[in-house]
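Engineer: Show me how the following folds:
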Amino acid sequence: MAHFMINPTKKLTTKHLFRTIWDDEEDMDESIVWVCISYLRQKLQAIQADISILGDKGGDFCLLQD
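Structural biologist: Just a heads-up that it's a prediction; the model follows:
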């Protein structure tokens, strides 16, 4: 979440997020990005946040204010 907050409204690719956060993890692949994005979306919805993460699996993601 911190990476999105540092880069609000900027499109972040799945590859960029993976390399920035998990690149040193040998047993991980890019699918972990989607898992974590889904989790963050659920948490944002649960607290009725006025921000959301837009994007689709394997593509670009962006943090936007609703």
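Engineer: for the residue lying closest to residue 17 once chain neighbours are set aside, phi and psi?
Structural biologist: Once flanking residues are discounted, residue 17 sits nearest to residue 33: 5.0 Å by CB to CB, 6 or more residues apart in numbering. No exception for glycine: its C-beta is placed from N, CA and C like everyone else's. Dihedral pair for residue 33: phi -60, psi -50, per degrees, to the nearest 10.
Engineer: so where do the strands sit in this protein?
Structural biologist: Per DSSP state E, the chain carries strands over the ranges 12-13, 51-55, 60-65.
Engineer: Is it possible to get CSV of those strands that adds distance to residue 38?
Structural biologist: Output for the strands of the chain, formatted as CSV (distance: least, CB to CB, whole Å):
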stretch, distance to residue 38
strand 12-13, 15
strand 51-55, 9
strand 60-65, 11
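Engineer: ok, and the closest non-adjacent residue to residue 34?
Structural biologist: residue 57 (4.7 Å).
Engineer: likewise residue 10?
Structural biologist: residue 62 (6.7 Å).
Engineer: Report how many residues lie close to the one you found.
Structural biologist: When neighbours are defined as other CB atoms under 10 Å, residue 62 has 15 of them.
Engineer: check contacts around the nearest residue to residue 63 once chain neighbours are set aside.
Structural biologist: Closest residue in space to residue 63, ignoring its immediate chain neighbours: residue 4 at 3.9 Å, by CB to CB, 6+ apart. Counting by CB atoms under 8 Å, 6 or more residues apart in numbering, residue 4 makes contact with 12, 40, 53, 61, 63.
Engineer: Please identify which of the residues you listed is nearest to residue 20.
Structural biologist: Closest approach between those and residue 20, by CB to CB: residue 12, at 8.4 Å.
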